[in-house]
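Enquirer: model the following, please.
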Amino acid sequence: MSKTILIIINDAPYGTEKAYNGLRIANQMNKSHSDIQVNIFLMADAVS
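Expert: Below you'll find the model as predicted:
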């Protein structure tokens, strides 16, 4: 049974590293755990 994780990013891409850290975590989870499906949802300023 595969698991799905959704990461929602709602912070601007510049100014802080919160959005970048969310992407780094998603990338590492995708590499390390083949049984986990990682989805990223960008909202508001994160889309920029």
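Enquirer: which stretches of the chain form helices?
Expert: Along the chain, the segments classed as helices by DSSP state H run 18-32.
Enquirer: which regions of it lie under the pLDDT threshold?
Expert: 1 (pLDDT under 70).
Enquirer: now Ile8: how far from Asn21?
Expert: 13 Å (Cβ to Cβ, to the nearest Å). (C-beta placed from N, C-alpha, C; glycine too.)
Enquirer: separation between Ser34 and Asn27?
Expert: 14 Å.
Enquirer: more neighbours, the two?
Expert: Taking neighbours as other Cβ atoms under 10 Å, Ser34 and Asn27 compare with Asn27 leading, 12 against 8.
Enquirer: roughly how far does that one sit from His33?
Expert: 12 Å.
Enquirer: repeat for Ala19
Expert: For Ala19 relative to His33 (Cβ to Cβ), the value is 22 Å.
Enquirer: and Ala44, by the same measure?
Expert: Counting by Cβ to Cβ - Ala44 and His33 are separated by 28 Å.
Enquirer: before we move on, what about Ile9?
Expert: The gap separating Ile9 from His33 is 20 Å, by Cβ to Cβ.
Enquirer: out of these two, which sits in the busier spot?
Expert: Between Ile9 and His33, counted using other Cβ under 10 Å, the more crowded position is Ile9 (21 against 13).
Enquirer: just give the nearest non-adjacent residue to the more buried one, would you?
Expert: Nearest in space to Ile9, with sequence neighbours left out and distances taken as Cβ to Cβ, 6 or more residues apart in numbering, is Ala46 at 4.2 Å.
Enquirer: the one you found contacts Gly15, correct?
Expert: No: in this structure, Ala46 is not within contact of Gly15 by Cβ atoms under 8 Å, at 11.7 Å.
Enquirer: compare the two (neighbour count), which wins?
Expert: Ala46 (18 against 9).
Enquirer: wait, what's in contact with that one?
Expert: Counting by Cβ atoms under 8 Å, 6 or more residues apart in numbering, Ala46 touches 9-13, 19.
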